[in-house]
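Enquirer: build me a structure from this.
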Amino acid sequence: MTVIRTPRLVLRRWREEDVEPLAAVNADPEVMRWIGDGSVRDVERTRAGVEEMEREWEAEGFGLFAVEVRATGELAGFAGLSVPRFLPEVMPAVEAGWRLGKRFWGRGLAGEAAAAVLRFGFLECGLDRVVSIVQVGNDASERLVRRLGMRCERETVDPSCGRPVRVHAITGTEYTEYGATR
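Expert: Just a heads-up that it's a prediction; the model follows:
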């Protein structure tokens, strides 16, 4: 089972006891503002989402990790790789994504997790390109993808909710030149 340790985080597969803390993250309108149509998710939808994340691990050999704070063992949210089927025009693709609870914002944890995810994707999974899809207006995520060395490829609309998004990407070569040293 894949586990990634960073200085402050553990990225690991999902456990049953992660559902309630993730449901609390998903129930926060401020956290969910830039996810899909902005709707919050209850425990049942969160449980279904965790089950889907685990199915993707089995099918693809990668997925979204539970992100745990090393010092406390608390679940902060998730970060990882997924196939962005919701945006068919970018397929085939693998997306790096993340979602952390509001109380974990502003500490660089999303960047730490996202950098570990890119390293995993390129060095362990052998991917040749990774995208990140960010809703227009989500300035914090835009700054993070730029820090990761990603460049904006296009602006389009998420057909699942009608919101404008920017598709950012980095290749394995670009990662080796930029990201692997960060």
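Enquirer: what does E89 show for phi and psi?
Expert: For E89, the backbone dihedrals are phi -70, psi -20 (criterion: degrees, to the nearest 10).
Enquirer: how about it, nearest residue that isn't a chain neighbour?
Expert: Nearest non-adjacent residue to E89, counting by CB to CB, 6 or more residues apart in numbering: T156, 6.3 Å away. From N, CA and C alone the C-beta is placed, and that goes for glycine too.
Enquirer: who is the nearest residue to R15 once chain neighbours are set aside paired with across the strands?
Expert: In space, R15 comes closest to A66 once its chain neighbours are excluded; the distance is 7.2 Å by CB to CB, 6+ apart. On the basis of DSSP bridges, A66 takes part in beta bridges with R12, F78.
Enquirer: quick one, what contacts A66?
Expert: When contacts are counted by CB atoms under 8 Å, 6 or more residues apart in numbering, A66 is found next to 11-15, 18, 22, 75, 78.
Enquirer: report the buried members of those residues.
Expert: Members of the contacts of A66 that pass the buried threshold by neighbour count (16 or more other CB atoms under 10 Å) are listed as 11-14, 18, 22, 75, 78.
Enquirer: is the closest residue to D158 other than its chain neighbours within a helix or a strand, and which one?
Expert: With CB to CB, 6+ apart as the measure, V165 is the residue that lies nearest to D158, at 5.0 Å, once sequence neighbours are left out. Counting by DSSP states H and E, the element that carries V165 is strand 163-171.
Enquirer: and that strand, how far out from the chain middle?
Expert: Taking CA atoms, centre = their mean, to the nearest Å, the mean C-alpha location of strand 163-171 is offset from the chain mean by 13 Å.
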